[in-house]
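# Next input, structure requested:
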Amino acid sequence: MIRTLVTRRLAFAAALGLAGALIAPVAATADESDSASTRWSVTPAVEAGSDERFSIQHALEPGETTTDRIAVQNLGEETATFGLSAADGFTTRTGRFDMLASDDESVDAGTWIDIADEVTVEPGETVVVPLTITVPDLAEPGDHPAGVAASIVTSQASGDGTSLGVESRVGVKVVTRVKGELSPSLEVSNVSTEYHGTWNPFRPGGVTATFEIVNAGNTRLTATGIATAGTGEIAFPSEGEPIGDLLPGDTREVSVTIDGTWPTFYATGELVITPKAAALDGTAPDTAEVAMDLGVWAMPWPQLLVIVALGLIIIALTWNRRRGRRRMDAMLQQARDEGRRQAADTDGFAHRISAPGRLNAMEN
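I've put the predicted structure just below:
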């Protein structure tokens, strides 16, 4: 159990260092319990010192050897001796570059790098350390990742009173492209979609599309794309959420939200991903675009409720209108009947008055 915890600490420290080296010379703190903490940075370098590269990259033929350098800078206040090592590199599922822990055995590009075992650096000074990369004769064409790190082992007390050695590493990414037949390829799998509607019938909803992209070729890839669903569309990755490099064999889960999709029972769309291979020797091999259909059920419940409500209002208005018309017809009919009855009563009264007059005439 203790060994597992220590190994995870090693990998985490390496990830911090390597990620920092890709952005800027970032220092790592070794042991906070030390009175004077040791801090250092590792960057690619030339003979004169650090250069502007973010990582070390070379395109070599099988059997070819090249020399490069790293600069180890001591940012602390005491002289420090750093252990130097190389190991196979990989990326996590979140796209962060890392290298194998020191107790894991490298089997690929980490074994191609030859570097001194250690270097001693005075406080505030920088030492340039050479390294050589030798590609095996039978190395497979494509990109092979590794990392070179400078480390310090410090002691840390455990809860039971024993002391544990913790290795903190800061490193640089090293990618070696073995020349030969390059076959960049990107695959998409495990696509799922989900519609998120809104109860406001006058606003569209959104679609979340989740999928996995797999680097099925032998070169590093970056990927951009466009996802559409019904009336919505989005380009990815966004500026704040990069997908990152995909090393050969890497799988990365990507989730995008497509806004502006009106519910139309079933919203059809398309996912188009454009991969791009890295150009280590000045040219990048062509990579085929990947396109596939997207579809999601988008039920217009708010709109249907509005339609039902409008329908009920229309029915109510129509019924009230018909009811009012029937009442008016009944009133008119009643008026007609009353008029007929009054007319009949008037005729009868006139008849009764005229009858005695005729009798008197006859008597005379």
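# Glu194 is in contact with Val296, correct?
Yes - using Cβ atoms under 8 Å, Val296 is in contact with Glu194, at 6.9 Å. (C-beta placed from N, C-alpha, C; glycine too.)
# what's the residue nearest to Gly197 when sequence neighbours are not counted sitting at in phi/psi?
Closest residue in space to Gly197, ignoring its immediate chain neighbours: Gly205 at 4.0 Å, by Cβ to Cβ, 6 or more residues apart in numbering. When quoted as degrees, to the nearest 10, the phi and psi of Gly205 stand at phi -100, psi -160.
# Which pLDDT value belongs to Gly205?
At Gly205, the model reports a pLDDT of 95.
# Show the contacting residues for it.
195-198, 261-263, 298 (Cβ atoms under 8 Å, 6 or more residues apart in numbering).
# again with Gly124
74-75.
# repeat that with 10 Å
Going by Cβ atoms under 10 Å, 6 or more residues apart in numbering, Gly124 touches 73-77.
# could the residues you listed go into CSV alongside secondary structure and neighbour count?
Shown next, in CSV, are those (DSSP: H, G, I helix; E, B strand; the rest coil; neighbours: other Cβ atoms under 10 Å):
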residue, secondary structure, neighbour count
Gln73, strand, 22
Asn74, strand, 25
Leu75, coil, 20
Gly76, coil, 20
Glu77, coil, 13
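# more crowded one of Val296 and Glu194?
For Val296 versus Glu194, the count of surrounding residues by other Cβ atoms under 10 Å is larger for Val296: 21 against 12.
# my guess is that one meets Ala227, correct?
No - assessed by Cβ atoms under 10 Å, Val296 is found out of contact with Ala227, at 11.2 Å.
# what residues do those two have in common as contacts?
193, 207, 209, 258, 269.
# Now, those that are in strands?
193, 207, 209, 258, 269 (DSSP state E).
# ok, so of the residues you listed, who is nearest Ala149?
If you rank those by distance to Ala149 using Cβ to Cβ, Ala209 comes first, at 37.8 Å.
# measure that closest one to Ala223 for me?
14 Å (Cβ to Cβ, to the nearest Å).
# Kindly report the same for Gly197.
Counting by Cβ to Cβ - Gly197 and Ala223 are separated by 29 Å.
# same thing with Val135?
For Val135, the distance to Ala223 - Cβ to Cβ - is 27 Å.
# related to what we said a few turns ago, could you name every residue contacting both of Val296 and Glu194?
207-209.
# Name every strand pairing with the helix or strand containing Ala291 and say which way it goes.
Element membership for Ala291 (DSSP states H and E) is strand 290-298. Strand 290-298 sits in its sheet next to strand 265-277 (antiparallel), going by DSSP bridges.
# for the partner strand, what is the average pLDDT?
Taken as a whole, strand 265-277 has an average pLDDT of 96.
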